[in-house]
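*Asks:* give me coordinates for this.
(one chain, ligands or ions: 1)
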Amino acid sequence: MAKILCVLFEDPISGYPKNYARDDMPSLLNYEGGQSLPNPSSIDFQPGHLLGSVSGELGLRSYLEKLGHKFIVTADRDGSDSVFAKELNDADIIISQPFWPAYLTKERLAQSHNLKLVITAGVGSDHIDLSSAIHKKITVAEVTNSNSISVAEHAVMMILALVRNYIPSYKYVVEGGWNIADCVSKSYDLEGMHVGTLGAGRIGLGILKRLNPFGVKLHYSDKYRLTKDIEKELNLTYHENIYSLAQTVDVLTINCPLHPETEGIIDDKLLKKMRRGSYIVNTARGNICNQEAIVNALQTEHLAGYAGDVWYPQPAPKNHPWRHMPNHAMTPHISGATLSAQARYAAGVKEILEAWFANKPIRKEYLIVQNGELVGTGAHSYTTRKS
Ligand code: NAP
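*Replies:* Predicted coordinates for the structure are as follows:
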């Protein structure tokens with residue numbers, strides 16, 4: 001029987017919810033682009049309930065225990081005394097979400113002698129040292145697409161929040177003020193601006209599609225070009241490299257994975273090429289941006305605003321400079337963890353586990369690493385460090 005170690009974020013401060021803001025959720029037929037939704041044989045949870053926190057258990061307990069597996073769920077993941085560190089040595093399967101990642105470094109993977117499968121409940125497996133996973137022939141899978149549109153919606157919200165100066169204006173209301181001039185002296189229309197994405201995959205393309213009706217000029221840069229039909233439909237301008245993209249746009253949104261090619265790619269040099277008064281929205285990964293370079297660009301007012309929900313490390317310490325820099329609209333890592341998305345990725349994790357225990361193939365689009373190589377989505381989107 002297998003030992004499954006699942007690292008999830010903590011329950012709400014007020015306790016696990018007894019009721020919810022809405023009674024139901026819209027049902028989708030497919031993902032945008034046509035990929036079918038997760039299709040496990042059954043689910044043991046109520047879609048719309050909080051599944052990603054410790055008490056939600058991704059809705060997996062009864063399924064795993066009926067099969068006789070040992071299922072350990074914890075939020076305690078930091079340091080050598082943590083439950084995660086102690087249970088890691090003989091775990092067969094590890095599950096975590098990017099919002100509260102169980103960082104599987106080279107050292108931790110070396111210490112996990114039984115590990116065969118790592119599942120990301122969500123999208124983005126950069127918290128796992130993929131080179132080591134390849135070396136140790138550990139399978140890595142994620143629930144591709146499960147929260148792509150959740151993130152795209154969040155990025156669109158943040159672009160509008162920055163350009164329209166929403167957060168400071170909201171604060172004036174809460175504080176009892178009516179500071180029209182203070183609010184509007186940093187507020188612009190998005191209409192007519194140049195908006196570009198680095199990475200035009202599921203999320204990046206979702207953002208472009210959603211912004212198209214806003215009357216903006218759309219740009220992108222990616223390793224591979226989109227089809228001519230999509231470029232034409234959205235009137236997209238393709239840029240061969242990030243420099244060309246960054247110096248053209250008013251708003252840059254980052255939607256590529258974090259891997260050796262993209263780590264720290266938004267640095268001082270690149271920021272200086274951007275127009276004064278540009279905005280950056282990064283819902284991809286914190287380390288794609290150089291931390292100090294972003295703070296400096298905001299303090300010198302070269303950037304007009306920065307928003308996103310991704311940090312390094314996570315959770316961000318109380319003194320993380322991005323909590324206190326000017327003109328930011330950061331949230332904790334939440335964009336891909338809506339209740340809607342949780343229902344999809346919890347079902348996707350169950351689908352992956354069902355395939356694993358039945359010795360059946362895991363869907364190719366879920367796979368990042370298998371049999372000692374990058375495969376599926378992993379082969380398409382990731383690179384590994386040279387050892
Ligand atoms: P995706 O469909 O795989 O798209 C990523 C795109 O980035 C792909 O088109 C990929 O190119 C491109 N890319 C990779 N390396 C690049 C580079 N060096 N320069 C330019 N483009 C590059 O993934 P997705 O679902 O859109 O997700 C994107 C990322 O968002 C994830 O990796 C994850 O880090 C992040 N994410 C965040 C949240 C959140 O809650 N904030 C949730 C989900 C995902 P090719 O595929 O053409 O090689």
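*Asks:* which stretches of the protein form strands?
*Replies:* Remark: strands assigned in the chain by DSSP state E are 3-7, 70-74, 93-96, 117-120, 139-142, 194-198, 217-221, 236-238, 251-254, 278-282, 303-308, 367-370, 373-374.
*Asks:* can you list the strands that the last one pairs with?
*Replies:* Right, the one you point to is strand 373-374. Strand pairing for strand 373-374, using DSSP bridges, gives strand 367-370 (antiparallel).
*Asks:* tell me if the strand it pairs with is near the ligand.
*Replies:* No - Strand 367-370 lies apart from the ligand when judged by CB under 6 Å from any ligand atom; the minimum separation is 10.0 Å. C-beta coordinates here come from the backbone N, C-alpha and C atoms, glycine included.
*Asks:* which residues touch that strand?
*Replies:* 120, 125, 130, 133-134, 138-142, 362, 374-378, 382 (CB atoms under 8 Å, 6 or more residues apart in numbering).
*Asks:* with distance to residue 297 and mean pLDDT added, can I get the strands of the chain in a markdown table?
*Replies:* What follows is these, written out as a markdown table (distance: least, CB to CB, whole Å; pLDDT from 0 to 100):
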| stretch | distance to residue 297 | mean pLDDT |
| --- | --- | --- |
| strand 3-7 | 34 | 98 |
| strand 70-74 | 38 | 98 |
| strand 93-96 | 32 | 98 |
| strand 117-120 | 31 | 98 |
| strand 139-142 | 32 | 98 |
| strand 194-198 | 16 | 98 |
| strand 217-221 | 20 | 98 |
| strand 236-238 | 24 | 98 |
| strand 251-254 | 12 | 98 |
| strand 278-282 | 8 | 98 |
| strand 303-308 | 4 | 98 |
| strand 367-370 | 32 | 98 |
| strand 373-374 | 33 | 96 |
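*Asks:* and the closest residue to the ligand within the chain, how far from residue 271?
*Replies:* Of all residues in the chain, residue 201 sits closest to the ligand, at 1.7 Å by CB to the nearest ligand atom. Computed as CB to CB, to the nearest Å, the residue 201 to residue 271 distance reads 24 Å.
*Asks:* out of the strands of the chain, which is closest to residue 344?
*Replies:* strand 139-142 (12.2 Å; CB to CB).
*Asks:* which positions in the lengthiest helix in the chain come out as buried?
*Replies:* Longest helix in the chain, counting residues (DSSP state H): helix 339-357. With burial defined by 16 or more other CB atoms under 10 Å, the residues of helix 339-357 counted as buried are 339-356.
*Asks:* tell me what it is packed against?
*Replies:* Here helix 339-357 touches helix 61-66, strand 93-96, strand 117-120, going by 3 or more CB pairs under 8 Å, 6 or more residues apart in numbering; DSSP states H and E.
*Asks:* now those in JSON lines, with mean neighbour count and distance to residue 333?
*Replies:* Formatted as JSON lines, the helices and strands packed on helix 339-357 follow (neighbours: other CB atoms under 10 Å; distance: least, CB to CB, whole Å):
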{"stretch": "helix 61-66", "mean neighbour count": "15", "distance to residue 333": "25"}
{"stretch": "strand 93-96", "mean neighbour count": "25", "distance to residue 333": "12"}
{"stretch": "strand 117-120", "mean neighbour count": "26", "distance to residue 333": "13"}
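*Asks:* spell out which residues of the stretch 1-150 of the chain are next to the ligand.
*Replies:* By CB under 6 Å from any ligand atom, the part of the stretch 1-150 of the chain that sits against the ligand consists of 122-124, 147-148.
*Asks:* in helices, which of those residues appear?
*Replies:* residue 148.
*Asks:* of the residues of the stretch 1-150 of the chain next to the ligand, the lowest pLDDT goes to which?
*Replies:* pLDDT is lowest at residue 124 among those; the value there is 92.
*Asks:* which residues touch residue 25?
*Replies:* Residue 25 neighbours (CB under 8 Å, 6+ apart): 47-48, 339-340, 343.
*Asks:* which among the residues you listed gets closest to residue 238?
*Replies:* Among the contacts of residue 25, residue 340 lies closest to residue 238 (CB to CB), at 31.6 Å.
*Asks:* doesn't residue 153 make contact with the closest one?
*Replies:* No - using CB atoms under 8 Å, residue 340 is not in contact with residue 153; the gap is 9.9 Å.
*Asks:* what about this structure, any weak spots by pLDDT?
*Replies:* Per-residue confidence for the chain (pLDDT under 70) gives these ranges: 385-387.
*Asks:* switch the cut-off to 80
*Replies:* Low-confidence segments of the chain (pLDDT under 80): 381-387.
*Asks:* could you pull out the helices for the stretch 51-200 of the chain?
*Replies:* 61-66, 83-88, 106-111, 130-135, 148-163, 166-174, 180-184 (DSSP state H, counting those that start in this stretch).
*Asks:* which among those is found nearest to residue 100?
*Replies:* Nearest of the helices of the stretch 51-200 of the chain (CB to CB): helix 83-88, 10.5 Å.
*Asks:* which parts of the stretch 151-300 of the chain sit against the ligand?
*Replies:* Taking CB under 6 Å from any ligand atom as the contact definition, the stretch 151-300 of the chain meets the ligand at 151, 198-204, 221-224, 255-258, 261-262, 283-285.
*Asks:* which of those residues are buried?
*Replies:* 151, 198-204, 221-222, 255-258, 262, 283-285.
*Asks:* with that, I have no additional questions.
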